[in-house]
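Asks: for reference, the sequence and a predicted model appear below.
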Amino acid sequence: MKDCALLLVDIFLQNPASIVNLVTQLAQLSVPVDPALPESFEGYLAVVDAIFGFSFNGAVRAPFDDVLRRLAMPGTPLVISVDIPSGWDVEKGPPAEGVCLQPSATQFASVPREPPGTKLLQHFRDIIRMQGYRGLWRGSATHVTATCLGGVARLSALRTTQMWVMPGGDRHYQGFEGYLRRCSFLFMSGAGALALVYPLDVAYTCLSADNASKRHFQGVFHFCRLAAREHGVLSLYRGLPLGLFTAFPFICIATGLH
């Protein structure tokens, strides 16, 4: 994480002397060490759950119980667990009672195996618990708007580009020339429509993936403002060239089969 230019602060709840090698390594990486959790997680992108000592047997004990309670509260940033999420049973998974840490991601392969479908159902339950039923439809309005605008733009562009590329109508062009002209006007109309609604597609993706208990993005306009301020306006079109590059061969194949 340090190599990825993330700002790190390590927190030890017990005497760091018991893990001298780790403390030495952190010092070499210029990672500060704090003795307790911060009062607020504001400004932190994620919390890495690397607590050890009770994940494999026994109940959660102090001072870890208070830490888990803090991490499970609304407003906590993304939680990424290393190996077994703290407080979970190695075989049964999350505890049935008490504080249950629900990490957004895990880093290791030894997470307890669950029956097929359990993870999906648990994901829906977590969304409803943290954000209500409206959380299941997050970003849907943006997606519908982008689909409608894209459809209208594509239909309008189809007629215009066809007149440019194939003046006189498509019946005047046969063979390979007609094939190239058809591919060209279909690609031009699709590219124009995609360029129009692509920022809405990016916003929809980020809004639907925002699974924090306290939403980072308040809506499509809030997302666009943050993205433009932090990464520039062109960040709203990140990935568009790749989309256009992969669309052209698809159009060529589909037109040839048609």
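Replies: Perfect, I can see it now.
Asks: C-alpha from now on. contacts and neighbour counts both.
Replies: Fine.
Asks: who touches stretch 236-255?
Replies: Residues from elsewhere that reach stretch 236-255, judged by CA atoms under 8 Å, 6 or more residues apart in numbering: 179, 182-183, 186-187, 191, 195, 198-199, 202, 224, 227-228.
Asks: try 10 Å
Replies: When contacts are defined by CA atoms under 10 Å, 6 or more residues apart in numbering, stretch 236-255 is touched by residues 179-180, 182-184, 186-188, 190-191, 194-203, 223-224, 227-228, 256-258.
Asks: any low-confidence regions in the protein?
Replies: By pLDDT under 70, the low-scoring segments of the chain are 1-19, 35, 51-60, 75, 105-119, 166-173, 211-214.
Asks: could you chop it up by domain?
Replies: Domain segmentation of the chain under automatic domain parsing yields 10-133, 136-257.
Asks: now the ones you listed in CSV, with mean neighbour count?
Replies: Converted to CSV, the domains of the chain look like this (neighbours: other CA atoms under 10 Å):
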stretch, mean neighbour count
domain 10-133, 14
domain 136-257, 16
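Asks: the most centrally placed residue in the chain and residue 216, how far apart?
Replies: By CA atoms, centre = their mean, the chain has its centre lying nearest to residue 209, at 4.3 Å. Distance, residue 209 to residue 216, by CA to CA, to the nearest Å: 10 Å.
Asks: ok, residue 190 next?
Replies: 32 Å.
Asks: okay, strands next: where are they in the stretch 151-258 of the chain?
Replies: In chain order, the stretch 151-258 of the chain shows no strands, with DSSP state E, counting those that start in this stretch as the criterion.
Asks: err, the stretch 1-150 of the chain, not the other one
Replies: 10-11, 33-34, 46-49, 78-81, 105-106.
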